[in-house]
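Visitor: A structural model of the following input is requested.
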Amino acid sequence: MRQRIVTAALLLVLVTLLALRAPSPAFIAILAVVLFLAAREWWLLARVSSPWPPALLAATFSGIGAIPDRLAPPILALGASLFWTLIPLLLARAVRPGPGLRPLSAVFSRFLSIPVLLPPFLLAAWVQGFHGGLLLWGILLISASDVGAMFAGRRFGRRRLAPLLSPGKTVEGLWGGLIAGALVGTLGAGLLYGMHAGVLAMGAATGAVVSGYGVLGDLLESLLKRSCGKKDSGTLLPGHGGILDRIDAMTSGLPVFFLFSYFQGWWT
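Guide: Okay, here's the model as predicted:
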């Protein structure tokens with residue numbers, strides 16, 4: 001636990017500095033490296049050892065991310081949010097009554113890496129270029145939801161949420177994550193946009209919805225790992241596992257967060 005906390009604290013400091021202070025080209029370059037590492041873990045779980053597909057994905061991100069376009073981010077956020085809205089159907093198919101978990105095929109797993117990984121990285125790169133505080137708020141919101149779910153699950157957890165996918169997740173942990181997300185959503189909205197009742201209410205609603213979507217990213221990665229018999233995606237982050245283990249909720253939560261933020265006028 002101590003190692004996990006230390007790693008999380010160091011990552012928080014680094015992410016804060018990058019989101020608020022890094023020049024856009026440097027930020028994109030760092031994200032490209034992180035994307036390569038995450039995609040590498042994903043493709044290894046999909047039983048492909050070649051580094052070229054992750055490298056191609058990272059290069060594609062770098063090329064597109066360097067082209068600012070005010071229309072592209074909301075369109076991409078909408079498309080990615082719709083994609084994640086359909087993911088429960090895939091998860092339900094994997095755990096429907098039968099002899100056990102229905103694993104993802106290797107080919108389908110490789111295909112999934114593109115809609116799962118590319119949109120949140122592109123959105124993070126674009127939004128940091130004009131509103132680093134908004135990006136940081138989204139990251140903190142999803143991270144707080146993870147922490148809330150972990151502590152609530154350990155303290156009050158009784159009923160398993162998805163035992164075939166992630167035996168450690170509980171319904172009580174889910175509620176803890178939603179509450180934590182709503183609190184950070186409320187706080188962030190108030191600090192950035194004013195302590196008004198309507199703003200605070202939308203911040204709370206955004207936080208709760210984004211936290212719920214974050215669980216989908218976590219469960220999808222769990223399905224990928226269970227499909228190949230792995231507990232963690234890697235060992236790069238002490239106490240956390242791999243890069244994917246740290247950003248799984250971000251992949252699904254950030255697009256929804258940016259979509260809500262756009263329609264609330266928080267991008268300006």
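Visitor: Residue 201 - that's part of a helix, no?
Guide: Yes: counting by DSSP: H, G, I helix; E, B strand; the rest coil, residue 201 falls inside a helix.
Visitor: any idea how far residue 181 is from it?
Guide: Separation of residue 201 from residue 181 (Cβ to Cβ, to the nearest Å): 14 Å. No exception for glycine: its C-beta is placed from N, CA and C like everyone else's.
Visitor: Same check on residue 154?
Guide: To residue 181, residue 154 is 18 Å away according to Cβ to Cβ.
Visitor: Which one's more surrounded, these two?
Guide: It is residue 181, of residue 154 and residue 181, that has more neighbours when counted by other Cβ atoms under 10 Å, with 30 against 14.
Visitor: dump the residue contacts of that one.
Guide: 141-142, 144-145, 148, 207-208, 210-212, 214 (Cβ atoms under 8 Å, 6 or more residues apart in numbering).
Visitor: and it, how far is that from residue 211?
Guide: With distances taken as Cβ to Cβ, residue 181 is found 3 Å from residue 211.
Visitor: just residue 109 next, same as before
Guide: Distance from residue 109 to residue 211, by Cβ to Cβ: 25 Å.
Visitor: Compare the two (neighbour count), which wins?
Guide: Taking neighbours as other Cβ under 10 Å, residue 109 and residue 211 compare with residue 211 leading, 31 against 21.
Visitor: Quick check: next helix or strand after the host helix or strand of residue 79?
Guide: Residue 79 is part of helix 72-95 when elements are defined by DSSP states H and E. Once the chain leaves helix 72-95, the next helix or strand it forms, by DSSP H and E, is helix 106-128.
Visitor: right, and the helix or strand after that next one?
Guide: Where DSSP H and E defines the elements, the next helix or strand beyond helix 106-128 is helix 132-156.
Visitor: Quick check: buried residues in that following helix?
Guide: Within helix 132-156, the residues that count as buried by 16 or more other Cβ atoms under 10 Å are 132, 134-150, 152-153.
Visitor: Give me the longest strand you can find in this structure.
Guide: Of all segments of type strand in the chain, defined using DSSP state E, the longest is strand 166-170.
Visitor: Summarise which helices and strands that one is packed against.
Guide: Secondary-structure packing of strand 166-170 (3 or more Cβ pairs under 8 Å, 6 or more residues apart in numbering; DSSP states H and E): helix 132-156, strand 160-162, helix 197-227.
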